[in-house]
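Q: quick one: sequence and predicted model below, then my questions.
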Amino acid sequence: RQKNYFLTADWVENLSSSDVLLDLGSGPLTNSPLFRNLDTVIYVDGAKFEGINIVCDFTKCLPVKDSSIDAIICSNVLEHLPEPQTVFNEIERILKPGGQCLILVPFMIKLHQEPYDFHRYTKHALNHYSERSGLHVDQIKEVGGISNILGTIYNVALKEQRSWAALLGLRFQYLIWRVIRRFIGDEGPSQVLPQGYALYLSKSLN
């Protein structure tokens, strides 16, 4: 999530203060500090958190006018939607011609918010849904490297392990991983096994 936060910050910097931004699946306004320089931000979620402007069902038509939004951010939401094509189609519908969208999705991540955890997307799936909706794929960027994934795996394994011998071995491996990571740092995103993807889209001017 930290990496997604920084990617969002970089993307927002390229927006104009007069652009209308829609945060689709904003949750408890986690990204709101990044939008302080924008005049108009519309927060949309499926739950009624404080500060939400629109509460709606993402599996249906969004209550937003056609071609009315300059930019859309959709972070860690798509995996929770059973029919992703509907959301891509709605993004294309409400974006103004030339409008931009940033979609952030996990790939290597544990089950979460069950039972509403439906998908893990490859870059090929993201490209497929985007093209079917008529959106232009400007870039698909891998996010997160293998060392980050190992940290997630160790944390899950340590919580679920019941054998004391296996637990001891895992703790030793985890300690070695932390020491190595401290000296090497983050090796950058993996092309074949990323933590997730950042999908940069735009709507045609035609």
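A: Received it, and whenever you're ready, just let me know what you need.

Q: SS state for N127?
A: Using DSSP: H, G, I helix; E, B strand; the rest coil, the secondary structure recorded for N127 is helix.

Q: report the contact partners of it.
A: Neighbour list for N127: V137, I140 [criterion: C-beta atoms under 8 Å, 6 or more residues apart in numbering]. (Glycine included, C-beta is placed from N, CA and C.)

Q: state the pLDDT value of it.
A: Among the per-residue scores, N127 holds a pLDDT of 98.

Q: just so I have it, where are all the strands in the protein?
A: For the chain, the strands defined by DSSP state E occupy 20-24, 40-45, 54-55, 69-75, 95-106, 136-143, 196-202.

Q: so which of those comes closest to A157?
A: Distances from A157 to each of those were compared by C-beta to C-beta, and the smallest falls on strand 95-106, at 18.4 Å.

Q: if you average pLDDT over that closest one, what comes out?
A: In this model, strand 95-106 has a mean pLDDT of 98.

Q: quick check: buried residues in that strand?
A: For strand 95-106, a neighbour-count test (16 or more other C-beta atoms under 10 Å) marks L95, K96, G99, Q100, C101, L102, I103, L104, V105, P106 as buried.

Q: L205 is in contact with the first one, correct?
A: Read it as L95. No: the pair L95 and L205 fails to qualify as a contact (C-beta atoms under 8 Å) at a distance of 11.2 Å.

Q: show me where this protein dips below the pLDDT cut-off.
A: Regions of the chain meeting the criterion pLDDT under 70 are absent.

Q: which stretches of it form helices?
A: In the chain, the segments counted as helices under DSSP state H are 2-12, 84-94, 123-133, 146-160, 164-184.

Q: ranking these by burial, who's on top?
A: With neighbours taken as mean count of other C-beta atoms under 10 Å, those reach their highest mean count in helix 84-94, at a mean of 20.

Q: for this protein, list the residue farthest from the centre, please.
A: Within the chain, the residue lying farthest from the chain centre (C-alpha atoms, centre = their mean) is A165, at 37.3 Å.

Q: report the separation between that residue and F172.
A: 11 Å (C-beta to C-beta, to the nearest Å).

Q: one more: S18?
A: Computed with C-beta to C-beta, the distance linking S18 and F172 is 56 Å.

Q: list the residues that contact G51.
A: Applying C-beta under 8 Å, 6+ apart, we find G51 in contact with P28, L29, S32, Y43.

Q: ok, now how distant is it from S75?
A: Using C-beta to C-beta, G51 is found at 16 Å from S75.

Q: which residues touch the residue nearest to G144 when sequence neighbours are not counted?
A: In space, G144 comes closest to Q195 once its chain neighbours are excluded; the distance is 2.7 Å by C-beta to C-beta, 6 or more residues apart in numbering. Shown in contact with Q195 (C-beta under 8 Å, 6+ apart): K3, P106, F107, M108, I109, V143, G144, G145, N148, I149, T152, P189.

Q: got a list of what Y43 touches?
A: Residues in contact with Y43 (C-beta under 8 Å, 6+ apart) are D23, S26, L29, S32, G51, I52, N53, I54.

Q: these: which two are farthest apart?
A: Among these, the pair separated by the greatest distance (C-beta to C-beta) is S32 and I54, at 15.1 Å.
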